[in-house]
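J.: What follows is a protein structure lacking sequence information:
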């Protein structure tokens, strides 16, 4: 999957949960108050299912999930690495 496609998939998912439709990919979705910390669990489940990735305990850093840019980088890194693929 291309980086742009990953970004759009993530942006679409997050956009479905927030009211501010004009948010930037670099916006910290937690600091901006778009979503709360409980939404992280939904993001994790979405990422694992959509991209067939296992989010490990060591990945559970809020910075990995704080923006579309951050989450796109996280997912891209996992896909390139390939070591955390679900089987």
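T.: Nice, thanks for sending it over. Owing to the predicted nature of the structure, the values given are computational and were not obtained by experimental measurement.

J.: Roughly how far does residue 12 sit from residue 68?
T.: Using CB to CB, to the nearest Å, one obtains 10 Å as the distance from residue 12 to residue 68. Every residue, glycine included, has its C-beta placed from N, CA and C.

J.: So for these two, which sits in the more crowded spot?
T.: residue 68 (23 against 10; other CB atoms under 10 Å).

J.: so what's residue 72 scoring on pLDDT?
T.: Residue-level confidence at residue 72 comes out at 97, pLDDT.

J.: okay, now it: neighbour count?
T.: Neighbours of residue 72 under the rule other CB under 10 Å: 20.

J.: how about the spatially most central residue of the chain, what does it touch?
T.: Centrality entry for the chain: nearest residue to the mean C-alpha point is residue 71, 3.6 Å, by CA atoms, centre = their mean. Taking CB atoms under 8 Å, 6 or more residues apart in numbering as the definition of contact, the neighbours of residue 71 are 10, 43, 47, 64, 65.

J.: Try it again at 7 Å.
T.: Neighbour list for residue 71: 10, 43, 64, 65 [criterion: CB atoms under 7 Å, 6 or more residues apart in numbering].

J.: can you tell me the helix or strand for the second one?
T.: Assigned by DSSP states H and E, residue 43 falls within helix 39-51.

J.: ok so, going back, before we move on, which element is the residue nearest to the centre of the chain in?
T.: Element membership for residue 71, per DSSP H and E: helix 68-81.

J.: Taking their axis directions, that helix and helix 39-51 sit at what angle?
T.: Between helix 68-81 and helix 39-51, the angle formed by their directions is 40 degrees, by axes from the mean of the first three to the mean of the last three CA atoms, to 10 degrees.
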